[in-house]
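Novice: My questions concern the predicted model and sequence given below.
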Amino acid sequence: MQRIATGILGFIVLAFTLSVTAQAEVPAEVKKAILSKLEGARPDFAYGKVEVSPVPGFYQVKVQYGPLLYVSGDGNYVFSGNLYGLGSGKFVDLKELALKPKRQDRLSQLSASDMVVFPAKGERKAYISVFTDVDCGYCQKLHREVPALNERGIEVRYLAYPRAGIGSRSHQKIAAAWCSEDRQDAMNRLKSRESVDAPDCETPVAEHFQLGQELGVSGTPAIFLADGTLLPGYMPADELASRLGL
């Protein structure tokens with residue numbers, strides 16, 4: 001089984017590269033066939049553009065707030081999940097490479113005023129966007145690394161992702177940070193498992209939660225680099241700074 005999987009991966013890489021597929025145009029009749037089959041099978045889903053994929057004979061379609069699908073040209077076969085190619089001495093996650101520019105574009109449209117921002121000390125050398133849940137133990141652990149990240153010139157931008165869902169107690173807690181006069185202090189206290197009293201207000205929590213699902217967030221913390229790279233889970237400041245080239 002392992003030899004078969006390796007052979008398939010090797011074939012994928014030899015047959016197609018992302019640089020080629022990014023420039024290829026999908027025939028109109030293929031787009032129509034694929035979307036017709038997808039919408040007929042799951043009309044409750046919203047589908048994005050049909051694009052060429054790294055798999056010969058298959059195309060890729062992003063489900064809004066859902067996975068990236070690989071669909072045969074006639075629309076009769078679908079698979080999802082991580083797709084790997086064989087790079088120079090390593091596995092290359094082709095699905096992640098395909099999603100990076102989409103994530104970068106979506107995150108670049110956000111305003112800092114809709115986030116809880118911990119700015120870099122002195123010159124800003126890099127920034128990260130972190131989907132967080134105040135009740136998440138690893139989110140609390142990552143938050144203790146924020147001062148060290150700021151000292152290294154890394155700005156930390158928090159977005160809300162209450163894992164228990166919209167309307168949950170976690171949602172109410174994190175919303176208090178956005179409704180507080182001092183958002184940074186409120187976030188510090190919430191991440192220290194203290195309570196925060198704040199008046200009700202309009203918050204972007206629900207929008208952040210939906211965006212996180214769209215970008216592939218499945219747990220917290222979910223760290224996004226400026227280029228759209230997703231680093232799931234906790235990472236110490238030194239390692240994160242190294243990933244940022246600092």
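Specialist: Right, received. Where do you want to start?
Novice: From here on, just use CA atoms for contacts and neighbour counts.
Specialist: Will do.
Novice: Compute the first-to-last residue distance for stretch 42-51.
Specialist: Length of stretch 42-51, first residue to last, Cα to Cα, to the nearest Å: 19 Å.
Novice: what about the residue found closest to Y70 once you drop the neighbours it is linked to in the chain, how many neighbours?
Specialist: Excluding the flanking residues, the one nearest Y70 by Cα to Cα, 6 or more residues apart in numbering is Q60, at 4.5 Å. Using other Cα atoms under 10 Å, Q60 has 25 neighbouring residues.
Novice: Helix, strand, or coil at Q60?
Specialist: At Q60 the chain is in strand, as set by DSSP: H, G, I helix; E, B strand; the rest coil.
Novice: contacting residues for it?
Specialist: By Cα atoms under 8 Å, 6 or more residues apart in numbering, the contact set of Q60 is V50, E51, V52, S53, L68, L69, Y70, V71.
Novice: switch the cut-off to 6 Å
Specialist: V50, E51, S53, L69, Y70 (Cα atoms under 6 Å, 6 or more residues apart in numbering).
Novice: pLDDT added to those, as CSV?
Specialist: Shown next, in CSV, are the contacts of Q60 (pLDDT from 0 to 100):
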residue, pLDDT
V50, 94
E51, 91
S53, 89
L69, 92
Y70, 93
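Novice: what is the residue nearest to Y70 paired to in the beta sheet?
Specialist: E51, Y70 (DSSP bridges).
Novice: What score does it have for pLDDT?
Specialist: On the pLDDT scale, Q60 is placed at 92.
Novice: how much space is there between L230 and V55?
Specialist: The spacing between L230 and V55, counted by Cα to Cα, is 22 Å.
Novice: cool, V26 as well?
Specialist: Per Cα to Cα, V26 is found 14 Å from V55.
Novice: Looking at those two, which one has more neighbours?
Specialist: The neighbour comparison of V26 against V55 (other Cα under 10 Å) goes to V55, with 23 against 15.
Novice: Assign the more buried one to helix, strand or coil.
Specialist: Secondary structure assignment for V55 (three-state DSSP): coil.
Novice: Could you report the distance from the residue nearest the centre of the chain to F131?
Specialist: For the chain, the residue nearest the mean C-alpha position is L215 (3.8 Å; Cα atoms, centre = their mean). L215 sits 10 Å away from F131, going by Cα to Cα.
Novice: What of Y77?
Specialist: From Y77 across to F131, the span is 33 Å (Cα to Cα).
Novice: Among these two, which residue is more densely surrounded?
Specialist: Taking neighbours as other Cα under 10 Å, Y77 and F131 compare with F131 leading, 24 against 13.
Novice: isn't the more buried one right next to L159, touching?
Specialist: Yes. Contact criterion Cα atoms under 6 Å: F131 and L159 qualify, at 4.7 Å.
Novice: Any chance of the backbone angles for the closest residue to S195 other than its chain neighbours?
Specialist: Of all residues beyond its chain neighbours, the one nearest S195 is R189 (7.0 Å), with distances taken as Cα to Cα, 6+ apart. With angles defined as degrees, to the nearest 10, R189 sits at phi -70, psi -40.
Novice: got it, and P232?
Specialist: Dihedral angles (degrees, to the nearest 10) for P232: phi -80, psi 140.
Novice: burial measure for it, as a count.
Specialist: So P232, with other Cα under 10 Å, has 17 neighbours.
Novice: got it, and A24?
Specialist: By the criterion of other Cα under 10 Å, A24 has 12 neighbours.
Novice: What score does it have for pLDDT?
Specialist: pLDDT, A24: 74.
Novice: Where do the strands of the protein begin and end?
Specialist: In the chain, the segments counted as strands under DSSP state E are 47-52, 58-63, 68-72, 78-80, 84-86, 91-93, 116-118, 126-132, 154-160, 222-225, 230-232.
Novice: distance between the third one and the chain's centre?
Specialist: Taking Cα atoms, centre = their mean, to the nearest Å, one finds the center of strand 68-72 at 19 Å from the center of the full chain.
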